[in-house]
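Trainee: quick one: sequence plus predicted model below, questions after.
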Amino acid sequence: MPIVFRLIPASLAIALTVAMAAQAAEHASERARFTVERVTAGLEHPWAVAFLPGGGYLVSERPGRLRRIDADGRLDPQPIQGLPAIAAYGQGGLLDVVLHPQFAGNRLVYFSYAEAGSGGIGTAVARGRLDGHRLDDVEVLFRLQPKSRTGHHFGSRLVFDRDGYLFITLGDRGEMARAQDLGDHAGSVIRLHDDGRVPDDNPFVDRADARPEIYSYGHRNLQGATLHAPSNRLWTHEHGPQGGDEINLPQPGVNYGWPVITYGVNYGTGTPIGEGTHKDGMAQPLHYWVPSIAPSGMTFYDADAFPAWRGSLFVGSLKFRLLVRLELRDDKVAHEERLLAGELGRIRDVRQGPDGLLYLLTDEDDGQLVRLRPAN
C-alpha cells in the first residue's frame, strides 16, 4: 500500500509553530515564572470547567454541549447525554458547571443554562447524576422569573460554600430596572439548599413583595464568583456598562446599586447612568475598573505550586484577552498585575485545579483549556 504524504499549508504550519512557541515560552510575573501548557483544544466557546476526581474534566460549551476530557487531555467526541433543552440564544446557552461537594459519593453535577419557556428565555439551574456518558435523574432546581425575550445578561456562576449552600449569580437580562425589583430574580445573587429549597434565613423570605430565593440584588451581570475558603465568604464580579466592572462581597439583603449608581456610562454617548456613583442604602464595590475589562471567571489561589501567588485573586478578561492577578489586604485590592495580554484570546473561566495549577478556558470558536505550570 503506497504511503501518502499530506503537506500542511505554509500558513497553517506557521500559525501552529507560533502558537506552540507562545505556549512553550516562559512568562515572568512579578512573583512567579510560569509556562502555559495546553490541555486540549477543539472546544466551541467553552464556558466553564469542573475537575473530576482521579483526573479528567467536564467542560460546558455555550452552544449546549457538556464535554468530557480525560486526564491526558483527550476530548471525548461524544458529548454527555441527558441535558435538558438548552436555548443557545444571544449570550445564553450552557453556562456554568460545578460538582456537588460530595460528588465522589453522589455523582451530582450542577449546571446553569438559558431555558426557553413562557414569556421568553431565562437562566435556569439543574442537576443530574453523572453515569459515564450521560446525566440521569436530571431535575431543574431554579428558574429565573419572569423570563424575557432579550439575548443579554444571563449571568451565571454557581458556587457551593462550606455549609453546603448553593449560590447562583444572575444578570439583569439587559433590562436594567429589573435589578432593583425584589419581585424579580434578574440582577441578583440567589441562595438555595443543594436540592433547591429556600433557606429559612434568606433575607427576604418573610416579604410578600420579594422573591425568597434572593440573597443580594442591584447587580448588572455577574459572570464571576468564587469562595474565599478561609472565611467561607462568596466573592463576585460583574460587568459594568462602558466602565464600572465591579468586584463585590455580597452580603444578605444588601443592594449593590445597579442601575441607580454605577462607575460606568452609557455605551457610545458616554452620558451618565442613574444618579451618580454613591447613594445612601446602596453598597460600594470593593474594586472597580474604568475602562471595563469585561471580566469572566474568578478564583482565589491558595495552593503550593505557586507559593508567591497564595492569597491572590485571579480574574479573566474577555475584552483585553488577559489574566488579572489582584493582591488583597483587608478585603481591598492593594495591587493589580496583568498577565498574558493578547496571548491566548478571550479568557472565559479561571479555576484552581486539584493539582494546584491554574486553569483557563478561552472563549473562541476553537477554544482551549490550558494550565499555568511553574517554569522550574
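Mentor: In hand now; what should we look at? Residues are numbered from 1 along each chain as shown.

Trainee: remind me which residues of the stretch 151-300 of the chain are low pLDDT?
Mentor: The stretch 151-300 of the chain contains no residues with pLDDT under 70.

Trainee: that should have said the stretch 1-150 of the chain, apologies.
Mentor: In the stretch 1-150 of the chain, residues with pLDDT under 70: 1-24.

Trainee: quick one, helices of it?
Mentor: Under the criterion DSSP state H, counting those that start in this stretch, the stretch 1-150 of the chain contains helices at 10-24, 103-106.

Trainee: quick one, what contacts residue 232?
Mentor: 161, 162, 163 (Cβ atoms under 8 Å, 6 or more residues apart in numbering). Yep, even glycine has a C-beta here, placed from its N, CA and C like the rest.

Trainee: who are the neighbours in contact with residue 186?
Mentor: Residue 186 makes contacts with 144, 148, 153, 170, 171, 172, 173, 175, 178, 179, as judged by Cβ under 8 Å, 6+ apart.

Trainee: and the spatially closest residue to residue 305 that is not a sequence neighbour, what element?
Mentor: For residue 305, ignoring the flanking residues on the chain, the nearest one in space by Cβ to Cβ, 6 or more residues apart in numbering is residue 356 at 3.8 Å. Under the criterion DSSP states H and E, no helix or strand holds residue 356.

Trainee: residue 356 contacts residue 309, doesn't it?
Mentor: No. Contact between residue 356 and residue 309 fails when scored by Cβ atoms under 8 Å: they sit 10.2 Å apart.

Trainee: which one's more surrounded, these two?
Mentor: residue 309 (22 against 15; other Cβ atoms under 10 Å).

Trainee: surely that one and residue 326 touch.
Mentor: No. Contact criterion Cβ under 8 Å: residue 309 and residue 326 do not qualify, at 10.8 Å.

Trainee: picking up where we left off before, distance check, the residue nearest to residue 305 against residue 34.
Mentor: 12 Å (Cβ to Cβ, to the nearest Å).

Trainee: and what of residue 158?
Mentor: 28 Å.

Trainee: quick revisit: ok, of the contacts of residue 232, which one's closest to residue 305?
Mentor: Relative to residue 305, the closest of the contacts of residue 232 is residue 162; by Cβ to Cβ it sits at 22.9 Å.

Trainee: for the nearest residue to residue 272 once chain neighbours are set aside, list each beta-bridge partner.
Mentor: Nearest residue to residue 272 in three dimensions, chain neighbours excluded: residue 265, at 6.1 Å (Cβ to Cβ, 6+ apart). Applying DSSP bridges to residue 265 yields these beta-bridge partners: residue 242, residue 272.

Trainee: thinking residue 265 is in contact with residue 273, fair?
Mentor: Yes. Taking contacts as Cβ under 8 Å, residue 265 lies within contact range of residue 273: 6.2 Å.

Trainee: overlap in contacts of the two?
Mentor: Joint contacts of residue 265 and residue 273 (Cβ under 8 Å, 6+ apart) are residue 241.

Trainee: all strands of the stretch 151-300 of the chain, in order?
Mentor: Assigned by DSSP state E, counting those that start in this stretch, the strands in the stretch 151-300 of the chain fall at 158-160, 166-169, 188-192, 214-217, 222-228, 233-238, 245-248, 287-289, 295-300.

Trainee: relative orientation of the third one and strand 233-238 in degrees?
Mentor: Put simply, strand 188-192 runs at 150 degrees to strand 233-238, going by axes from the mean of the first three to the mean of the last three Cα atoms, to 10 degrees.

Trainee: in a markdown table: the contacts of residue 186, plus neighbour count and distance to residue 42.
Mentor: Shown next, in a markdown table, are these (neighbours: other Cβ atoms under 10 Å; distance: Cβ to Cβ, whole Å):
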| residue | neighbour count | distance to residue 42 |
| --- | --- | --- |
| 144 | 30 | 31 |
| 148 | 17 | 34 |
| 153 | 28 | 28 |
| 170 | 31 | 30 |
| 171 | 28 | 28 |
| 172 | 29 | 33 |
| 173 | 31 | 31 |
| 175 | 18 | 36 |
| 178 | 24 | 37 |
| 179 | 26 | 37 |
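
Trainee: mind putting those residues into JSON lines with distance to residue 73?
Mentor: Output for the contacts of residue 186, formatted as JSON lines (distance: Cβ to Cβ, whole Å):
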{"residue": "144", "distance to residue 73": "35"}
{"residue": "148", "distance to residue 73": "39"}
{"residue": "153", "distance to residue 73": "33"}
{"residue": "170", "distance to residue 73": "33"}
{"residue": "171", "distance to residue 73": "32"}
{"residue": "172", "distance to residue 73": "37"}
{"residue": "173", "distance to residue 73": "36"}
{"residue": "175", "distance to residue 73": "41"}
{"residue": "178", "distance to residue 73": "41"}
{"residue": "179", "distance to residue 73": "40"}
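
Trainee: among those residues, which one lies nearest to residue 118?
Mentor: Using Cβ to Cβ, the contacts of residue 186 come closest to residue 118 at residue 148, 11.1 Å.

Trainee: help me confirm that that closest one comes into contact with residue 175.
Mentor: Yes. Between residue 148 and residue 175 there is a contact under Cβ under 8 Å: 6.3 Å.

Trainee: residue contacts, residue 25?
Mentor: 35, 36.

Trainee: distance-wise, check it relative to residue 302.
Mentor: Note on residue 25: its distance to residue 302, by Cβ to Cβ, is 27 Å.

Trainee: in a markdown table: the contacts of residue 232, plus neighbour count and distance to residue 233.
Mentor: Output for the contacts of residue 232, formatted as a markdown table (neighbours: other Cβ under 10 Å; distance: Cβ to Cβ, whole Å):
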| residue | neighbour count | distance to residue 233 |
| --- | --- | --- |
| 161 | 16 | 8 |
| 162 | 10 | 10 |
| 163 | 9 | 11 |
